[in-house]
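Chemist: need a 3D model of the following:
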Amino acid sequence: MITEEGVVTRATRETAWVKTVKPKACETCEAGDNCEVLQGKEELNFEVPNTLNADEGDRVVVGLRTGSLLFLTFMLYIFPVLFLVAGAFSGNAAARFFQIDRVSASVVTAGIFFAVSLFLLKRLNDTVAGQWKHKPVLVKFLQK
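Modeler: Predicted structure coming up:
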C-alpha cells in the first residue's frame, strides 16, 4: 500500500476530504513543475470514504491499495499495447486472406484496434471513477 500523510479539511459521516502536500515521489520525478497531475500546485485535495470517523483538522495517513494501482497501471499502459499488437497480427492475417499488402493492412488494423482500446479505456474510466475500491482510503490517525 502506498501511503501519504494529510489533513482532513472537511468531513461528513460518509466521506472526508483530505489535503496532502506534494508526495515524496514528486521530488525525483523528471516532470517537475510541468506535472499535469498537480498542475503546479504544492498540495492535492481528494475525497476518501470516512471509515475512521475523522473530523476536520485531523492528521491522517491515506493509502492507495497496491492491487488497485497495479490494475489501473496495467489498463493504462499495457492494455492499449496489447490491442495494438493484436491489431497488427489481425491485419497481417486478413491481408493474407484478402491478398492485399500486409504492411498497410497491419498498420491500419493496428490503428483501429488502438483507437478501440482508447475508447474502452474511456468507458472503463467512467466506470472506475465512481468505485470506492479504486480510491485512496484512510489508514490511521496521526493526530486526532
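Chemist: next up, the contacts around the closest residue to V108 other than its chain neighbours.
Modeler: Distance criterion CB to CB, 6 or more residues apart in numbering; nearest residue to V108, sequence neighbours excluded, is G91 at 6.2 Å. C-beta here means a position set from N, CA and C on the backbone, and glycine is covered the same way. Contacts for G91 were tallied using CB atoms under 8 Å, 6 or more residues apart in numbering; they are R102, A105, S106, V107, V108, T109, A110.
Chemist: over to the residue in the chain sticking out farthest from the centre: give its phi and psi.
Modeler: Going by CA atoms, centre = their mean, the residue of the chain most distant from its centre is Q99, 41.6 Å out. Main-chain torsions, Q99, degrees, to the nearest 10: phi 60, psi 60.
Chemist: got it, and S106?
Modeler: According to degrees, to the nearest 10, the main-chain angles of S106 amount to phi -60, psi -40.
Chemist: correct me, but it touches N92?
Modeler: Yes. Judged on CB atoms under 8 Å, S106 makes contact with N92 at a distance of 4.9 Å.
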